[in-house]
Each structure stands twice: as structure tokens, then as C-alpha cells.
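1. I would like the atomic coordinates for the input below:
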Amino acid sequence: MVLLFASGIGLLTATGLWLMLRARSFDLVLGLTLLSYAVNLFVLAMARASVDAAPLLRDPRLAPTLEHYADPLPQALVLTAIVISFAMTAVLLALAVRSRAEQGDDHVDGRDGDGHSDSSGSIDSTGSGDAGDRRADRGRR
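-> Coordinates of the predicted model:
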């Protein structure tokens with residue numbers, strides 16, 4: 001069971017990293033989400049969560065050790081991380097949709113699939129271009 005769980009975490013990590021290295025904004029968002037899932041599962045795995053253990057120690061005869069109760073700190077950290085990753089995903093998706101609407105493409109580097117600069121002339125390989133002219137044009141509209 002441990003090997004299966006570790007393999008699942010490794011698969012989520014590898015898939016997340018592979019998607020993050022792609023040049024599309026949706027793939028980047030999906031990769032970050034999968035990577036955050038892998039980190040959450042890793043934190044829970046390292047917490048040595050015990051099955052059928054009480055969250056609070058009620059029996060005074062039991063020693064107050066981790067063998068007899070569930071540690072709530074890793075669970076609270078993962079719950080907080082889930083909320084933060086949900087908010088991060090929402091913000092990144094909003095930025096990706098806005099970028100797609102403005103540029104007409106969802107490549108994160110401003111290039112098409114062949115590696116050529118897009119037709120809007122935003123920035124070429126030397127770092128110069130007419131990106132400032134486009135910003136001025138948008139201000140006039």
C-alpha cells in the first residue's frame with residue numbers, strides 16, 4: 001500500500017512538472033494544481049496518520065503519545081493548503097483568460113507553436129519590439 005501511495009505521489013509530481021514546462025497557460029495552471037495535490041498528499045504521508053485513532057485523547061489510561069491519537073496539525077496544514085491552492089488556481093485562470101483575450105493565443109512566451117514570434121510584434125529575441133506602442137494604442141481606445 002505504501003508503494004502504491006508513493007507511486008501515486010510521484011506520478012502526480014512528474015505529471016505536474018511536465019505540464020508546467022509546456023508553453024501553454026492552461027497546461028501551466030493544470031501542472032501547478034497537480035503539483036499542489038502531490039505536495040498535500042506528501043505532507044499527509046509524512047504525518048504518519050493512524051487509522052481508527054481518536055482526534056482527542058479521552059481515555060486517561062492511555063499515554064498521550066502519537067500512537068494513541070491523530071495529530072491534527074498536518075491535517076490543518078493540508079486543509080489550509082487546499083484553500084490557498086484553490087484561490088491560486090482561480091487567479092491564474094483569470095490571468096490566463098485575460099492573456100488569451102488580449103493576445104489571441106495562450107502561449108506563455110508569446111510565440112506560436114513553431115517558435116516564431118507572433119504577428120503582433122510584441123517582443124523579438126533581442127528583447128526589443130513595439131510592446132510599448134501596443135500599450136499606447138490600447139490607451140487611445
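2. which residue ranges of this structure form helices?
-> 2-20, 25-46, 72-103, 131-140 (DSSP state H).
3. got these as TSV, with distance to D109 and mean pLDDT columns?
-> For every residue, glycine as well, the C-beta is placed using N, CA and C. Output for the helices of the chain, formatted as TSV (distance: least, Cβ to Cβ, whole Å; pLDDT from 0 to 100):
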stretch	distance to D109	mean pLDDT
helix 2-20	13	94
helix 25-46	10	92
helix 72-103	11	91
helix 131-140	13	50
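4. need these in CSV (columns: distance to L62 and mean neighbour count).
-> As requested, the helices of the chain are arranged in CSV below (distance: least, Cβ to Cβ, whole Å; neighbours: other Cβ atoms under 10 Å):
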stretch, distance to L62, mean neighbour count
helix 2-20, 26, 14
helix 25-46, 24, 18
helix 72-103, 17, 13
helix 131-140, 66, 10
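5. would JSON lines of these with distance to R61 be doable?
-> Output for these, formatted as JSON lines (distance: least, Cβ to Cβ, whole Å):
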{"stretch": "helix 2-20", "distance to R61": "31"}
{"stretch": "helix 25-46", "distance to R61": "29"}
{"stretch": "helix 72-103", "distance to R61": "22"}
{"stretch": "helix 131-140", "distance to R61": "71"}
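6. these: which one's closest to T65?
-> Nearest to T65, of all these, is helix 72-103, at 14.9 Å by Cβ to Cβ.
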